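[1] Any chance you can model this:
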Amino acid sequence: MNFTNIDFDQLFGMSDDTNPIMMLIWIVPIIIFVFYGQRIQLYITSGEIKKGIKKIGGYKDESKKELTDYIKKNFNPSQDPIEKINQFLDYFTIMPVDMDPNGIIEKVKHTVRSREDYTRKHVKLLSPEINDLELAKVQTLLEIASSLQMIHKIINHMFLTAKKQNNYPLILPLQMLLPFILEQAEAMKDAIPAFKTGQPVGDGIGPMVVGKMMLNYEKESVAFQTLLAKTEFEDRRLFLLKAEGPLSTVGRPSDALGKITSTNKIDAIIMIDAALKMEGEESASIAQGFGAAIGGIGTEKFEIEAIATSKNIPVFSIVVKQSVKEAITLMTKEIADQSNKVSSQVYEMIQENTQPGQSVLIIGVGNTAGVPQ
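    The predicted structure follows:
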């Protein structure tokens with residue numbers, strides 16, 4: 001092919017009589033995009049983020065209203081609780097210094113439990129006659145409202161900072177994270193009805209399994225809001241541990257473990273908990289593993305691992321997988337139906353990993369709202 005004979009002006013539609021208006025139609029948008037493209041993208045992205053922030057703000061206001069109405073309706077407080085609730089919602093926790101990690105777990109544990117005790121004490125001031133069940137409900141609703149308010153504050157701060165500086169790269173991480181944040185915020189909002197009415201949530205599958213195993217056996221309190229029952233299975237001694245239901249609480253399993261192992265020789269620990277499923281995984285599927293299956297900020301997990309290590313106790317785990325929303329909203333039938341299957345796997349695990357005459361501690365980990373024993 002002879003390139004010397006090609007008329008490039010004709011090939012690209014250019015000629016001496018080119019229409020200047022057509023040229024402007026092509027060139028002006030290019031110039032605008034070069035100089036103002038980032039700002040245009042910022043405006044478009046800002047609109048999407050505004051909608052998300054407005055939605056989270058709605059969840060925040062709804063959770064606050066639900067909490068206020070619940071207190072007014074059930075406890076008839078002597079004064080309007082709104083001011084006190086606003087103080088709770090803006091309450092913050094400063095984590096201890098971790099420059100020297102030695103002893104940080106005890107510091108964090110002390111800080112978190114001091115906050116829990118403070119909240120419990122001041123909720124009681126709203127209504128001195130409140131019982132433990134209702135107190136746990138109000139605490140949980142307060143945590144939901146407080147978490148939603150904090151999420152809204154942080155997202156709004158990041159958005160306004162990026163907008164103030166016309167900084168498109170600063171707003172990109174927020175745009176990418178927003179769908180995940182909205183998913184968690186919506187799950188918290190949808191969790192309110194279950195906790196208000198004291199019904200089981202997906203996270204309660206561990207306590208549900210152990211609670212069924214506890215039926216018809218004597219229970220004793222071994223730690224704050226934590227109960228223990230003892231039974232036997234094929235010449236093995238079983239220690240059954242769960243948070244005290246039907247309160248909305250996770251108890252203090254690490255404190256209970258320390259007390260039990262101080263007076264009893266435990267040969268194996270089996271922990272049952274909910275676990276976050278990955279996208280594509282089937283909800284309510286069961287998986288077995290090794291190690292301490294427990295969430296939270298990590299203090300309970302650390303102490304359980306430390307006790308198990310110091311006493312050379314193997315820790316096995318069984319988890320029921322579920323989404324974020326399923327974990328904190330009303331327990332689905334699919335998850336509840338797995339309780340018998342999990343129980344069967346617990347007994348199989350005992351047979352496979354222990355010998356007659358040994359002792360096994362079985363811990364039902366999770367929020368035991370609506371789950372008796």
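[2] surely residue 93 meets residue 113?
    No. Using Cβ atoms under 8 Å, residue 93 and residue 113 do not qualify as a contacting pair, with a distance of 11.0 Å. The C-beta positions use only the backbone N, C-alpha and C, and glycine is treated the same way.
[3] In terms of neighbours, single out the busier of these two.
    residue 113 (13 against 10; other Cβ atoms under 10 Å).
[4] what about dumping the CA coordinates of the strand or helix carrying that one to CSV?
    Using DSSP states H and E, residue 113 maps to helix 104-126. Coordinates of each C-alpha in helix 104-126 appear next as CSV, following Å, rounded to 0.1, in the frame of the first residue of the first chain:
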residue,chain,number,x,y,z
ILE,A,104,-2.9,-2.9,76.5
ILE,A,105,-5.5,-5.6,76.6
GLU,A,106,-6.2,-4.9,80.3
LYS,A,107,-6.4,-1.2,79.6
VAL,A,108,-8.9,-1.6,76.8
LYS,A,109,-10.9,-4.1,78.8
HIS,A,110,-11.1,-1.7,81.7
THR,A,111,-12.1,1.3,79.5
VAL,A,112,-14.8,-0.6,77.7
ARG,A,113,-16.3,-2.2,80.8
SER,A,114,-16.2,1.1,82.6
ARG,A,115,-18.3,2.6,79.8
GLU,A,116,-20.7,-0.3,79.9
ASP,A,117,-21.1,0.1,83.7
TYR,A,118,-21.6,3.9,83.3
THR,A,119,-24.3,3.4,80.6
ARG,A,120,-26.1,0.8,82.7
LYS,A,121,-26.1,3.0,85.7
HIS,A,122,-27.4,6.1,83.9
VAL,A,123,-30.1,4.2,82.0
LYS,A,124,-31.4,3.0,85.4
LEU,A,125,-31.6,6.7,86.4
LEU,A,126,-34.3,7.1,83.7
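[5] so how far is that helix off the chain centroid?
    19 Å (Cα atoms, centre = their mean, to the nearest Å).
[6] Who are the packing partners of whatever helix or strand comes next after that helix?
    Beyond helix 104-126 in the direction of the C-terminus, DSSP H and E gives the next helix or strand as helix 132-164. On a contact count with 3 or more Cβ pairs under 8 Å, 6 or more residues apart in numbering; DSSP states H and E, helix 132-164 meets helix 20-75, helix 82-89, helix 104-126, helix 168-197.
[7] If you average the pLDDT over the longest one, what comes out?
    When pLDDT is averaged along helix 20-75, the result is 80.
[8] Show me what it is packed against.
    helix 82-89, helix 132-164, helix 168-197.
[9] could you dump those to CSV with mean neighbour count, mean pLDDT and distance to residue 349?
    Shown next, in CSV, are the helices and strands packed on helix 20-75 (neighbours: other Cβ atoms under 10 Å; pLDDT from 0 to 100; distance: least, Cβ to Cβ, whole Å):
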stretch, mean neighbour count, mean pLDDT, distance to residue 349
helix 82-89, 15, 82, 42
helix 132-164, 19, 90, 31
helix 168-197, 17, 89, 30
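[10] circling back: in a markdown table: the helices and strands packed on helix 132-164, plus distance to residue 239.
    As requested, the helices and strands packed on helix 132-164 are exported to a markdown table (distance: least, Cβ to Cβ, whole Å):
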| stretch | distance to residue 239 |
| --- | --- |
| helix 20-75 | 36 |
| helix 82-89 | 37 |
| helix 104-126 | 23 |
| helix 168-197 | 29 |
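[11] Residue 95: neighbouring residues, count only.
    Around residue 95 there are 11 residues (other Cβ under 10 Å).
[12] For my notes, confirm it occurs in a helix.
    No. Secondary structure of residue 95 (DSSP: H, G, I helix; E, B strand; the rest coil): coil, not part of a helix.
[13] Let me see the domain layout of this protein.
    The chain breaks down into these domains under automatic domain parsing: 43-197, 202-364.
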